[in-house]
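Asker: Here is a sequence with its predicted model. Questions after.
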Amino acid sequence: MQPLLLRRSNLQFTGTPFKVAVSSLLTAIFMSELQPSIRLIIGLGNPGRQYTGTRHNVGFEVLDRLVARKNLRWQANRQFQAEVASESGLIFLKPLTYMNLSGQSAGQVARFYKLKPSQCLAVVDDIALEVGRLRLRKSGSAGGHNGLKSLIAHFQTDAFPRLRIGVGAKSDESDLADHVLSPFSKADREKIEPVLDHAAEAVETACSSGLEKAMNLYNQTP
């Protein structure tokens, strides 16, 4: 069999379109090195029926939506002290350590799978954001959130992405713990339901198309 010969006249190695294509390819490769793909999604919340539907558990609710969309099932994992589901190298995690010790579970998973903090996306509630607001960031402080404080302590860095979901500020006379551990009002529950679906979509976009695209699409006031 004669080898296949490619004549120069049959190929276009010069010109603006070729240069743009090569530049785009190199940029994509470079950016993929700078932004490792998301491998671990951590929903923060508290275990137990008494906390179901509370402001502090919106992270759990988003992960429940993601797992349901993929027709997966949660499995209790004693080693990781969590409920875990996985598909195609993507791990979904609901720590059962209670909010203040979330990093204990997430840190174990990250070390076991040799994941960088930048490959771990946390989904959390945020009282500093109005109900229905989403804010996706590549890194940042805990902002007073005990679950994020625990993740930062166990990851030993705050350089990991997080999706904050606005649950509204407490009233002047209410206690902060009572506020985040209480259910949404009927009006706020109606407002937050579609937002939790958007949050799940934001996570899917971050995993499939990168954080930048997800931030551009979802860091907007509804």
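Answerer: Thanks, I have it.
Asker: the strands in this protein, which residues?
Answerer: Secondary structure of the chain, counting by DSSP state E: strands at 40-43, 75-77, 82-87, 90-95, 120-126, 134-137, 162-166.
Asker: Make a markdown table out of these and add mean pLDDT, mean neighbour count and distance to residue 106.
Answerer: Using the backbone N, CA and C atoms, a C-beta is placed for each residue, glycine as well. Listed next are the strands of the chain as a markdown table, based on pLDDT from 0 to 100; neighbours: other Cβ atoms under 10 Å; distance: least, Cβ to Cβ, whole Å:
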| stretch | mean pLDDT | mean neighbour count | distance to residue 106 |
| --- | --- | --- | --- |
| strand 40-43 | 98 | 26 | 5 |
| strand 75-77 | 98 | 12 | 12 |
| strand 82-87 | 97 | 19 | 8 |
| strand 90-95 | 98 | 24 | 6 |
| strand 120-126 | 98 | 25 | 7 |
| strand 134-137 | 97 | 20 | 17 |
| strand 162-166 | 97 | 26 | 12 |
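Asker: Next, the contact list for residue 56, please.
Answerer: With contacts defined as Cβ atoms under 8 Å, 6 or more residues apart in numbering, residue 56 is in contact with 44-46, 99, 125, 167, 180-181.
Asker: so who does residue 153 touch?
Answerer: Contacts of residue 153 by Cβ under 8 Å, 6+ apart are residue 103.
Asker: Where in this protein is the helix or strand with the lowest mean pLDDT?
Answerer: One helix or strand of the chain scores below all others by mean pLDDT, DSSP states H and E: helix 16-34, with a mean of 50.
Asker: how about the strands of the chain in CSV, adding distance to residue 211?
Answerer: Listed next are those as CSV, based on distance: least, Cβ to Cβ, whole Å:
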stretch, distance to residue 211
strand 40-43, 13
strand 75-77, 27
strand 82-87, 20
strand 90-95, 15
strand 120-126, 8
strand 134-137, 7
strand 162-166, 10
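Asker: closest one to residue 147 among those strands?
Answerer: strand 120-126 (5.9 Å; Cβ to Cβ).
Asker: List the strands paired with the closest one, with their directions.
Answerer: Partners of strand 120-126 in the sheet, by DSSP bridges, are strand 40-43 (parallel), strand 162-166 (parallel).
Asker: Now that we have these, can you turn them into JSON lines and tack on distance to residue 143?
Answerer: Below are those laid out as JSON lines (distance: least, Cβ to Cβ, whole Å):
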{"stretch": "strand 40-43", "distance to residue 143": "16"}
{"stretch": "strand 162-166", "distance to residue 143": "8"}
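Asker: Looking at the ones you listed, which is nearest to residue 144?
Answerer: strand 162-166 (11.9 Å).
Asker: For burial, what's the neighbour tally of residue 139?
Answerer: Residues lying near residue 139 (other Cβ atoms under 10 Å) number 13.
Asker: I figured it hits residue 161, correct?
Answerer: Yes: counting by Cβ atoms under 8 Å, residue 139 touches residue 161, with 7.1 Å between them.
Asker: which helix is the longest one in the protein?
Answerer: The single longest helix within the chain, with elements called by DSSP state H, is helix 186-209.
Asker: what's that one packed up against?
Answerer: If you count contacts as 3 or more Cβ pairs under 8 Å, 6 or more residues apart in numbering; DSSP states H and E, helix 186-209 packs onto helix 58-69, strand 120-126, strand 134-137, strand 162-166, helix 211-218.
Asker: Sheet partners, orientation included, of the third one?
Answerer: So the one you mean is strand 134-137. strand 162-166 (antiparallel).
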